[in-house]
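A.B. asks: coords please:
(one chain, ligands or ions: 1)
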Amino acid sequence: MTNPSTSTPVVEFSQVSLAFGNLKAIDGVDFTVNPDELFAIIGPNGAGKTSIFNVLSGVYRPQQGSVKLRGQQLLGMRPHKIARLGVARTFQNVELFANLTLVDNLMLGRHVKFRYGTLAAIAWVGPARRQEELNRAAVEEIIDLLELQAWRKLPVGLLPYGIQKRIELGRALAMEPEILLLDEPVAGMNLEETEDTARFLLSIRQEFKTPMILVEHDMSLVMDIADRVLAIDFGAPLALGTPAEVQSHPAVVEAYLGGQAAAPASGGGS
Ligand SMILES: Nc1ncnc2c1ncn2[C@@H]1O[C@H](COP(=O)(O)OP(=O)(O)OP(=O)(O)O)[C@@H](O)[C@H]1O
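C.D. replies: Sure thing, here's the model as predicted:
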């Protein structure tokens with residue numbers, strides 16, 4: 001596409017370093033995420049993947065570097081402001097309102113982004129009413145896309161784990177994010193649930209064109225669906241490229257397997 005707004009990177013993460021005392025959680029990490037891109041970050045336990053998400057969402061403030069969302073500097077902004085600008089996130093552990101239903105959880109995702117004046121909301125007039133109709137339509141579209149129709153009635157805390165993870169994905173999507181951060185979306189899932197999740201992530205990209213950053217230990221998922229992969233270890237970048245390039249990169253092989261065999265294999269426990 002030639003439209004400049006679509007060729008500008010959505011995320012520019014430049015020379016970011018973050019230390020806790022002597023421990024370098026992120027050490028000179030650089031990457032960009034392009035519109036429509038499904039970008040993955042891999043690395044052994046403690047490599048710094050969640051810290052990168054925490055920097056992107058404003059939870060951690062790095063000592064060095066720059067983090068831009070569509071050209072706008074995010075460093076120094078509070079997490080709720082960054083969320084409202086369009087950085088949405090799912091967590092390693094499901095974080096939903098357990099007593100609320102699917103629709104209410106998704107509507108809360110909308111309300112993070114699309115607020116209106118308190119008076120208008122109380123009086124339920126004009127823009128507030130119109131916005132709420134739009135919110136509801138958007139939520140129904142997500143329920144259809146993620147095939148969640150069967151799970152409308154019960155509080156989400158009573159639903160199977162894999163469904164809760166899917167609802168959490170739906171809630172992040174309900175914010176119509178500029179970028180979706182997915183922290184181990186298939187952790188704890190069986191093979192069928194993992195394959196479903198891969199399918200839903202590809203559908204999200206196709207239908208909503210939402211750029212995503214995926215942090216995941218399941219290498220077969222990353223290799224199957226990511227456009228580009230960044231591998232890190234001890235906070236520092238090891239390799240950046242297509243899944244095939246990164247999988248066979250000597251530094252990546254060394255980090256995962258001590259150089260004894262070829263490439264991060266499929267399955268967890270990386
Ligand atoms: N708030 C903190 N205070 C001190 N150290 C921290 C903090 N957050 C992260 N770290 C450390 O920074 C390093 C990177 O942690 P991080 O959670 O980002 O790794 P990760 O790649 O996400 O690991 P995992 O795959 O196990 O989730 C680790 O050594 C971790 O102990």
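A.B. asks: distance check, residue 188 against the ligand.
C.D. replies: Going from residue 188 to the ligand by C-beta to the nearest ligand atom, to the nearest Å gives 13 Å. (Glycine included, C-beta is placed from N, CA and C.)
A.B. asks: can you give me phi and psi for the residue lying closest to that residue once chain neighbours are set aside?
C.D. replies: Distances taken as C-beta to C-beta, 6 or more residues apart in numbering put residue 161 closest to residue 188, at 6.3 Å, once the chain neighbours are dropped. The phi/psi pair for residue 161 (degrees, to the nearest 10) reads phi -60, psi -50.
A.B. asks: residue 161: neighbour count?
C.D. replies: 13 (other C-beta atoms under 10 Å).
A.B. asks: was I right about it contacting residue 186?
C.D. replies: No: between residue 161 and residue 186 there is no contact under C-beta atoms under 8 Å: 11.2 Å.
A.B. asks: burial measure for residue 239, as a count.
C.D. replies: Neighbour count of residue 239, defined by other C-beta under 10 Å: 20.
A.B. asks: enumerate every residue touching it.
C.D. replies: Shown in contact with residue 239 (C-beta atoms under 8 Å, 6 or more residues apart in numbering): 229-231, 245-246, 249, 251-252.
A.B. asks: so of the residues you listed, which ones are in strands?
C.D. replies: In strands, defined here by DSSP state E, the members of the contacts of residue 239 are 229-231.
A.B. asks: now that we have those, which one has the most neighbours?
C.D. replies: Each of these was scored for neighbours by other C-beta under 10 Å, and residue 229 scores highest at 26 neighbours.
A.B. asks: that one pairs with what?
C.D. replies: residue 40, residue 241 (DSSP bridges).
A.B. asks: hang on, it packs against residue 237?
C.D. replies: No: Residue 229 is not in contact with residue 237 according to C-beta under 8 Å; the separation is 11.2 Å.
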